[in-house]
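# heads up, no residue letters with this:
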């Protein structure tokens, strides 16, 4: 066993960091609920980064590392499904790649917009169609992603079955949730740690109060666990590993999000502070694929039968 | 980044499992239930560790020149996982091979090494650690047991408490005050427990018989040659020791093994059906595996010769979370386990209570994470 990054992985992350540098902070006086960047999306796509998992030598771990790193940016970009799920369904389908569970069509879908590929994931079958303006309603959500809801039945939108295993796709979806969630947890934690270090009350940084320190330290333990579970699941693509990884992120995100905002006090309910750009993405991930209950059931079935 | 065991690592684990199958008696789980410091388990540990030594499995992670095989930290981890999940048949002697031996190797004199290392390496030595005092637990540097230099001896007076294994130990790794400076005034003495003036009283405990004690030192005369390292060097030495200790007990592995056993029993009884119980089991498994991987990440760095810092506190706290969640699961869904129905699960529950206490309080670990991982400013003192 060796959990260190190999040379390829170090090189990929270095390149991602360089590419992402202009996006490390939100624009001045930005009050977006979801901060997007077409330029960042284009740079990632044109640079071939969203295709790295097609290369068997790089594999899903490299993709998961990239997704985790990109999720730390205040900007959101559709990288997770593109990098992890396209190797299953082919590179030809137009991006962004959007995911919804069959029968859950009322749920808002991340990145859904005209021209996107809509994947409808059923128990045993996955179907796909290209969304057009008539199929969707752009939603003004409280989530940190651009989102839209389907307003037509997938069959009526021309969805066609894909020749892929729904179980394998769900496994990769769970890895995507875990990797993105791990990066979001890490970034939200870092943002909160910076605030409590700067903010003084009673003549001292509020980070010096144990009530704050211990809860942030517990969040660090959970975020660290989420990172490693995500990477292992990306490596094995085992259904049990993937379900545990997504479960851990989903069960960690809820309490962590409230703690982070709590420690920012009133600053934590403003849009001028960027914390929500990470935490309100986590809120969207909490409900993905049925939430932690469904992840727990899937993990239980995979591990113990 | 790969998460697969090498063939050699996998074979090492199989070899240990085979060893355990051959050397644990049929009533082993009942023996283990007496507790790691009990007379039963201590007596068994001498037999068991002797056999481990015979097969080169007691100190394989020690360097070759001091009797080990120079195996890397992954092997040390695998060894610890298999032993701990089996109920730690090495008893108190796990401590010797994890940190007392390595500490003596690094800081001991030739005479100390010649005296203490052979019995440790043969699996026939019981040590206790004289650290905590009635007024000094987490704040260890406030300890007051005093060793006063008197010619070529020290005279030691004071009290230790919650001392594991003291009743049956031959030697105490004793921290005592030789100067007034909080940390640089502390020294280590290696004290035979049969030295006149030492009184040991057992404290009845949840975790089994013979596990914790009070130890009184009443003008105990100890030769100056029994000092480990220089006068005042104790803090540096135990920092080294505790780095080994914190990784020494892979509680996540016992917790996960206990969880798997509990689920197996529930399935046999037709009770692993409801979604609630299945989801709760998965929640516990997720915490176990998160703690496992956090620990593996540290071992991976050690195996590459990198320094380990506060990350080990993070892995340790993750293990506490896992241990507690598994224990809660078992109490809630398989409550007969705290009776006599399932000795292994009873043992897990019995030992789990100290996950956040032994080897340093979990709250101290959280402070370390806050200061040294998250880089938050420290609390005022």
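Yep, it's here. Just so we're clear, the structure is a prediction, and the values are computed from it rather than from any experiment.
# which residues sit in contact with the nearest residue to residue A:67 once chain neighbours are set aside?
Sequence neighbours aside, residue A:179 is the residue nearest to residue A:67 in space, at 4.2 Å (criterion: C-beta to C-beta, 6 or more residues apart in numbering or on different chains). Backbone N, C-alpha and C define where each C-beta goes, glycine included. Contact analysis of residue A:179 by C-beta atoms under 8 Å, 6 or more residues apart in numbering or on different chains lists A:63-65, A:67-68, A:71, A:80, A:84, A:230-231, A:234.
# Local confidence estimate at the residue in chain A sticking out farthest from the centre?
For chain A, the residue at maximal distance from the C-alpha centroid (C-alpha atoms, centre = their mean) is residue A:203, at 38.2 Å. At residue A:203, the pLDDT value in this model is 95.
# Near the residue of the stretch 1-150 of chain B found nearest chain A, how many other residues are there?
Nearest to chain A, among the residues of the stretch 1-150 of chain B, is residue B:3, at 4.8 Å (C-beta to the nearest C-beta). Other residues near residue B:3 come to 19 when the count uses other C-beta atoms under 10 Å in any protein chain shown.
# rewinding a little: need the contacts of residue A:179 in CSV (columns: pLDDT).
Formatted as CSV, the contacts of residue A:179 follow (pLDDT from 0 to 100):
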residue, pLDDT
A:63, 98
A:64, 98
A:65, 98
A:67, 98
A:68, 98
A:71, 98
A:80, 98
A:84, 98
A:230, 98
A:231, 98
A:234, 98
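# quick one: average confidence on stretch B:99-107?
Averaging pLDDT along stretch B:99-107 gives 93.
# same deal with stretch B:187-201?
98.
# cool, and stretch B:41-50?
Rounded mean pLDDT across stretch B:41-50 is 96.
# So for it, what gets flagged as buried?
By neighbour count on 16 or more other C-beta atoms under 10 Å in any protein chain shown, the buried set for stretch B:41-50 is B:41-42, B:44-46, B:48-49.
# now do stretch B:323-339
B:323-327, B:329-330, B:333-334, B:337.
# all helices of the stretch 1-150 of chain A, in order?
A:7-20, A:38-46, A:59-71, A:80-84, A:86-89 (DSSP state H, counting those that start in this stretch).
# From residue B:373, how far out is the closest residue to chain B within the stretch 1-150 of chain A?
Chain B sits closest to residue A:3 of the stretch 1-150 of chain A, with a gap of 4.0 Å, by C-beta to the nearest C-beta. Using C-beta to C-beta, to the nearest Å, residue A:3 is found at 17 Å from residue B:373.
# ok, stretch B:359-375 near chain A or not?
Yes: against chain A, stretch B:359-375 shows contacts by C-beta under 8 Å from any C-beta of the partner chain at B:363, B:365-367, B:369-370, B:373-375.
# Helix A:59-71 and the host helix or strand of the residue nearest to residue A:67, what's the angle between them?
Residue A:179 belongs to helix A:166-198 when assigned by DSSP states H and E. Helix A:166-198 and helix A:59-71 are oriented at 30 degrees to each other (axes from the mean of the first three to the mean of the last three C-alpha atoms, to 10 degrees).
# Does anything pack onto the helix or strand containing residue B:302? Which helices or strands?
Here residue B:302 sits within helix B:275-303, counting by DSSP H and E. Helix B:275-303 sits against helix A:210-236, helix A:239-264, helix A:291-304, helix B:73-85, helix B:251-268, helix B:311-333, with contacts defined as 3 or more C-beta pairs under 8 Å, 6 or more residues apart in numbering or on different chains; DSSP states H and E.
# now the ones you listed in a markdown table, with distance to residue B:186?
Converted to a markdown table, those look like this (distance: least, C-beta to C-beta, whole Å):
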| stretch | distance to residue B:186 |
| --- | --- |
| helix A:210-236 | 26 |
| helix A:239-264 | 37 |
| helix A:291-304 | 47 |
| helix B:73-85 | 28 |
| helix B:251-268 | 28 |
| helix B:311-333 | 22 |
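# For the closest residue to chain A within the stretch 251-381 of chain B, the count of nearby residues, please.
Residue of the stretch 251-381 of chain B nearest chain A, by C-beta to the nearest C-beta: residue B:290 (2.8 Å). Residues near residue B:290, counting by other C-beta under 10 Å, number 29.
# Next, the contact list for the nearest residue to it once chain neighbours are set aside, please.
Nearest in space to residue B:290, with sequence neighbours left out and distances taken as C-beta to C-beta, 6+ apart, is residue A:225 at 2.8 Å. Counting by C-beta under 8 Å, 6+ apart, residue A:225 touches A:248, A:252, B:287, B:290-291, B:293-294, B:318.
# Could you rerun that using 10 Å?
By C-beta atoms under 10 Å, 6 or more residues apart in numbering or on different chains, the residues touching residue A:225 are A:182, A:185, A:245, A:248-249, A:252, B:286-287, B:289-294, B:314-315, B:318, B:321-322.
# and if you look at residue B:342?
So residue B:342 contacts B:29, B:258, B:261-262, B:265, B:330, B:334, B:336, B:348-349 (C-beta under 10 Å, 6+ apart).
# Dump those residues into a markdown table; add distance to chain A and pLDDT as well.
A markdown table is the format used below for the contacts of residue B:342 (distance: C-beta to the nearest C-beta, whole Å; pLDDT from 0 to 100):
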| residue | distance to chain A | pLDDT |
| --- | --- | --- |
| B:29 | 22 | 88 |
| B:258 | 14 | 97 |
| B:261 | 11 | 97 |
| B:262 | 10 | 98 |
| B:265 | 12 | 98 |
| B:330 | 15 | 97 |
| B:334 | 14 | 97 |
| B:336 | 19 | 95 |
| B:348 | 18 | 92 |
| B:349 | 20 | 92 |
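# are any of those residues buried, and which?
Counted by 16+ other C-beta under 10 Å, these give B:29, B:258, B:261-262, B:265, B:330, B:334, B:348-349 as buried.
# Residue B:231 belongs to a helix?
No: in this structure, residue B:231 is coil, not part of a helix, as judged by DSSP: H, G, I helix; E, B strand; the rest coil.
# That one and residue B:186 touch, don't they?
Yes: the pair residue B:231 / residue B:186 is scored as a contact, 9.3 Å apart, by C-beta atoms under 10 Å.
# Between those two, point out the one with more neighbours.
residue B:186 (25 against 17).
# Which pLDDT value does the model give residue 252?
Since no chain was named, I'll use chain A. Per the predicted model, pLDDT is 97 at residue A:252.
# Chain B is the one I meant
Predicted confidence (pLDDT) for residue B:252: 96.
# which residue packs closest to it, ignoring adjacent ones?
residue B:291 (4.0 Å).
# The one you found touches residue B:298, doesn't it?
No: here residue B:291 lies out of contact with residue B:298, judged by C-beta under 10 Å, at a distance of 11.2 Å.
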